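>>> Predicted model and sequence follow; I will ask about them next.
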Amino acid sequence: MSGPSHASDTPITDRQQLAGVMAKGEKPRDAWRIGTEHEKFGFRLDDLRPPSFDGERGIEALLTGLTRFGWQPQQEAGRTIALSRDSASVSLEPAGQLELSGAPLATIHETCREVGTHLREVREVADELRLGFLGMGFQPKWRRDEMPWMPKGRYQIMREYMPKVGALGLDMMTRTCTVQVNLDYASEADMVEKFRVSLALQPIATALFADSPFTEGQPNGYLSYRSHIWTDTDPDRTGMLDFVFEDGFGYERYVDYLLDVPMYFSYREGRYIDASGKSFRDFLQGRLDVLPGALPTLRDWNDHMTTAFPEVRLKSFLEMRGADGGPWNRLCALPAFWVGILYDQTALDAAWDLVKDFTMEERHALRDGVPRHALKLPFRGGSVRELAREALKISAHGLARRACKNAKSADETRFLDPLLEIVESGQTPAERKLELFNGEWYGSVDPVFCEFAY
């Protein structure tokens, strides 16, 4: 999750400023970049428990150790809660899940090198602290009440608000991890086409990356339990956003949606003001009772934009949010999948042809069905596996046409290999782990912390 925005403290006096944040994201094709983000679970090597924030082996000690690599500490209330270096950051999810928010880079080769460098740096420090890190969509072993909480002001506000609006919001905060990619658009029309294609195909990414089959040491009946959790987190700020497919959709319509999302907070003078459940529309009129007479700033608006959690999120770029966390090669595969589809016009048009006649009911059936069934979910006389195969074909052709090659003259298509293997085998990462659980792991999830750690 995001920290406080670095946007301007300029007061908002005109509604056009709200849509303007998204319009300012427009870039010519040669300036389009790729921002990869991923989260991972920390665990102590001796007992597999998640590390606390404090202590010699805590998360703050890990962050401090990473400063040897040139990361600059970011503090809240005198505690190191994040790091920054160049245009990248390392931050903490509510239970200490470690997140890399990568720099905007030009190719998948570059973003994959960035991920690899980050994981090597984390491994060096973690080894000294006798910690490990695991990439999965959901914490496979520990109960919610066994997860630590990080000392970040926004998380305390969310922790108190979440149980009022959904049964699984606290699980989302403390026991999930994802990988996502942030991508650019050239114009409002380009944004709309990319938003519609990526939203319709988001369940395909969920199926391909499904890797959260365990809860508290036992199979939970899902292949992507992380994805299921979002269906009972907060209906006001999650979901498939049917209005994106309506005629006339654009920046202004997305502003309307965001204005209907209840607030969490306003960050003022270094502290979080609890505004949970309150209306940003009232804030625009100076009628927010926790800040009487105050008008929101662009910083407030940028912060508010980060508190909506739909399957695809629009800020000054588009965020693909449908995938479970996973190992190194799938952290590189997700940006490759979406870049191949969205950054080549021929591929984007082909993907739109694939999904444009999906009905609203079909889009929802895909979204609701893939958490449990993934690639095996029936669809139009076939299955999601066939849809995934076609989407990967489109992506591969798009990456080939980009022709972005590394020093060995290899293009970006190779990063799709893990996903092609999943489709060809018909076995998701979650199903592979269930097979191990029922076989050589003898009904224990503990081996996952060794066999699948970074």
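Thanks, I have it.

>>> buried stuff in the helix or strand hosting Trp352?
Assigned by DSSP states H and E, Trp352 belongs to helix 345-355. The neighbour-count check on helix 345-355 (16 or more other Cβ atoms under 10 Å) flags Ala347, Leu348, Ala350, Ala351, Trp352, Leu354, Val355 as buried. (Each C-beta comes from the backbone N, C-alpha and C, glycine too.)

>>> Show the contacting residues for the first one.
When contacts are counted by Cβ atoms under 8 Å, 6 or more residues apart in numbering, Ala347 is found next to Gly340, Ile341, Ile394, Ser395, His397, Gly398, Arg401.

>>> cool, the fifth one as well?
With contacts defined as Cβ under 8 Å, 6+ apart, the neighbours of Trp352 are Glu193, Arg196, Val197.

>>> what's the closest of the residues you listed to Tyr254?
Arg196 (12.5 Å; Cβ to Cβ).

>>> Can you say which of the contacts of Ala347 are buried?
Buried among those by 16+ other Cβ under 10 Å: Gly340, Ile341, Ile394, Ser395, His397, Gly398.

>>> Quote the end-to-end distance of stretch 430-443.
End-to-end span of stretch 430-443 (Cα to Cα, to the nearest Å): 15 Å.

>>> for stretch 150-164, same thing?
21 Å.

>>> which residues sit against it?
Contacts for stretch 150-164 (Cβ under 8 Å, 6+ apart): 1, 3-4, 53, 59, 76-77, 79, 81, 92-96, 149, 169-170, 172-173, 233-234, 264-265, 267, 271-272, 274, 276-277.

>>> Among these, which lie within helices?
Using DSSP state H, Ile59, Gly169, Leu170, Met172, Met173 are the members of the contacts of stretch 150-164 that sit in helices.

>>> For the fourth one, give me its contacts.
When you say that, I think you mean Met172. Met172 neighbours (Cβ under 8 Å, 6+ apart): Met162, Ile229, Trp230, Thr233.

>>> Just give me the closest of those to Arg313.
The nearest member of the contacts of Met172 to Arg313, counting by Cβ to Cβ, is Trp230 at 12.2 Å.

>>> Distance check, that closest one against Gly135.
Going from Trp230 to Gly135 by Cβ to Cβ, to the nearest Å gives 19 Å.

>>> rewinding a little: CSV please, covering the ones in helices among the contacts of stretch 150-164 and showing distance to Glu128 and pLDDT.
Formatted as CSV, the ones in helices among the contacts of stretch 150-164 follow (distance: Cβ to Cβ, whole Å; pLDDT from 0 to 100):
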residue, distance to Glu128, pLDDT
Ile59, 14, 98
Gly169, 35, 98
Leu170, 32, 98
Met172, 31, 98
Met173, 28, 98
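
>>> Just put those in CSV and tack on distance to Gln180.
Below are the ones in helices among the contacts of stretch 150-164 laid out as CSV (distance: Cβ to Cβ, whole Å):
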residue, distance to Gln180
Ile59, 21
Gly169, 19
Leu170, 21
Met172, 14
Met173, 16
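
>>> between those, which is closest to Leu434?
Met172 (22.4 Å).

>>> From Met240, how far out is that closest one?
Met172 is 17 Å from Met240, by Cβ to Cβ.

>>> before we move on, the earlier item: just the C-alphas of the helix holding Trp352, formatted as CSV.
The C-alpha coordinates for helix 345-355 follow below in CSV (Å, rounded to 0.1, in the frame of the first residue of the first chain):
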residue,chain,number,x,y,z
GLN,A,345,-1.3,-1.3,-30.7
THR,A,346,-1.8,-4.4,-32.9
ALA,A,347,-1.8,-6.6,-29.7
LEU,A,348,-4.1,-4.1,-27.9
ASP,A,349,-6.6,-4.2,-30.7
ALA,A,350,-6.4,-8.0,-30.8
ALA,A,351,-7.0,-8.2,-27.1
TRP,A,352,-10.0,-5.9,-27.4
ASP,A,353,-11.4,-8.2,-30.2
LEU,A,354,-11.0,-11.1,-27.7
VAL,A,355,-12.9,-9.5,-24.9
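
>>> Adjust the sequence numbering to begin at 29 for everything that follows.
Let's use 29 as the start, then, which means that last one is helix 373-383.

>>> Quick check: buried residues in the following helix or strand past it?
Note on helix 373-383: by DSSP H and E, the next helix or strand toward the C-terminus is helix 388-401. For helix 388-401, a neighbour-count test (16+ other Cβ under 10 Å) marks Arg391, Ala393, Leu394, Arg395, Gly397, Val398, Pro399, Arg400, His401 as buried.

>>> next one: stretch 81-96
Phe81, Arg85, Gly86, Ile87, Glu88, Ala89, Leu90, Leu91, Gly93, Leu94.

>>> Rebuild these as CSV, extending it with distance to Ala364.
Output for the buried residues of stretch 81-96, formatted as CSV (distance: Cβ to Cβ, whole Å):
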residue, distance to Ala364
Phe81, 34
Arg85, 35
Gly86, 35
Ile87, 30
Glu88, 34
Ala89, 34
Leu90, 29
Leu91, 29
Gly93, 31
Leu94, 27
